[in-house]
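> My questions are about this predicted structure, shown below with the sequence.
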Amino acid sequence: MIRVMITSSENQKIIIEGIKHILEKDQEIEVIALASSKDEMMNLCEYHYPDVVLMNDITSDFDVMEAIRNIKTKFESTQVIILTENTNHSNIINAFIHGANGYMLKETNSDELIMAIKSAAVGLSVMYKKSTIQLMHQLQNINSNHNFPAELVDVNLTDREISIIEHIINGMENKEIARNLYISEGTVKNEISKILKKLDLCNRIQLVVFVLKNDLLNHKNLTRG
């Protein structure tokens with residue numbers, strides 16, 4: 001059973017009750033708590049330790065980046081999905097940099113939302129598909145400063161790992177990468193997990209930002225295994 005907590009502002013109780021109803025139609029999902037403030041969210045996380053926190057349209061009372069960071073710092077195995085109407089690319093990038101596992105639009109249908117919850121629960125990153133490639137292209141031109149892991153030193157990546165990174169930067173999904181490299185989709189998932197571990201990153205969006213900002217594929221410290 002996937003244990004989910006939904007966070008939202010106080011004036012959106014009807015909306016989150018609707019989301020709760022949608023999610024609990026699936027027999028594998030249980031909504032264990034509803035939070036309407038950051039303090040309540042952290043207290044309920046401490047009490048319930050949810051598998052997934054779904055943040056619904058956080059308001060000015062809620063610093064979403066701080067909230068994501070706090071959850072990921074104190075509850076490492078809890079996954080965070082943002083559900084919003086905001087399509088600003090900077091917000092999406094910042095959310096993933098701070099540790100979010102998913103960023104979904106409210107135009108998402110119920111089946112897609114349920115699948116996003118299930119995907120995040122097993123550690124996958126999820127995002128509304130229609131803007132994934134557009135975001136990848138946007139990332140290639142970002143100039144703003146973000147906080148990244150410690151300075152790159154003697155990173156050793158295999159030729160296969162480098163090839164997979166190049167495919168990810170081009171916006172390809174695991175199935176497409178597997179087809180292009182003549183390997184299984186499971187192998188792609190395992191290779192991406194190894195890459196993230198080597199670079200101390202949480203998800204593929206962080207990976208793209210990190211690689212492009214540090215010019216990793218051409219970095220003098222990059223050695224091929």
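Structure received. Numbers count the residues shown, from 1 in each chain.

> In the chain, where's the longest helix?
Assignment by DSSP state H gives helix 185-199 as the longest helix of the chain.

> Next secondary structure after that helix?
Next in sequence after helix 185-199, counting helices and strands by DSSP states H and E, comes helix 204-213.

> Buried residues in stretch 89-106, which are they?
Within stretch 89-106, the residues that count as buried by 16 or more other CB atoms under 10 Å are 92-105. In this view, the C-beta of every residue, glycine as well, is placed from N, C-alpha and C.

> okay, now R179: neighbour count?
Taking other CB atoms under 10 Å as the criterion, the count of residues near R179 is 12.

> ok, so what distance separates it from V188?
For R179, the distance to V188 equals 10 Å [CB to CB, to the nearest Å].

> what does the longest helix of the chain rub up against?
Helix 185-199 is contacted from outside by 149, 155-157, 160-161, 164-165, 168, 174-175, 177-178, 181, 202-204, 206-207, 210, using CB atoms under 8 Å, 6 or more residues apart in numbering.

> Among those residues, which ones are in helices?
Using DSSP H, the contacts of helix 185-199 in helices are 160-161, 164-165, 168, 174-175, 177-178, 181, 204, 206-207, 210.

> Could you give the number of residues near N11?
9.

> now do D111
10.

> That one should be in a strand, yeah?
No - assigned with DSSP: H, G, I helix; E, B strand; the rest coil, D111 falls outside any strand and is helix.

> Check the gap between the residue lying closest to E161 once chain neighbours are set aside and L201 for me.
Spatially, and ignoring its direct neighbours in sequence, E161 is nearest to I195 (5.2 Å; CB to CB, 6 or more residues apart in numbering). Taking CB to CB as the measure, I195 falls 8 Å from L201.

> Now list whatever residues contact both of the two.
Residues touching both I195 and L201 (CB under 8 Å, 6+ apart) are L207.

> So which helix or strand of this structure has the lowest pLDDT on average?
strand 223-224 (a mean of 59; mean pLDDT, DSSP states H and E).

> thinking again about what came up before, just the buried subset of the contacts of helix 185-199, please.
Buried, going by 16+ other CB under 10 Å: 157, 160-161, 164-165, 168, 174, 177-178, 202-204, 206-207, 210, out of the contacts of helix 185-199.

> and which of the residues you listed is nearest to N43?
C202 (24.1 Å; CB to CB).

> The closest one contacts G102, correct?
No - using CB atoms under 8 Å, C202 makes no contact with G102, being 11.7 Å away.

> K118: how many residues sit nearby?
Residues near K118, counting by other CB under 10 Å: 17.
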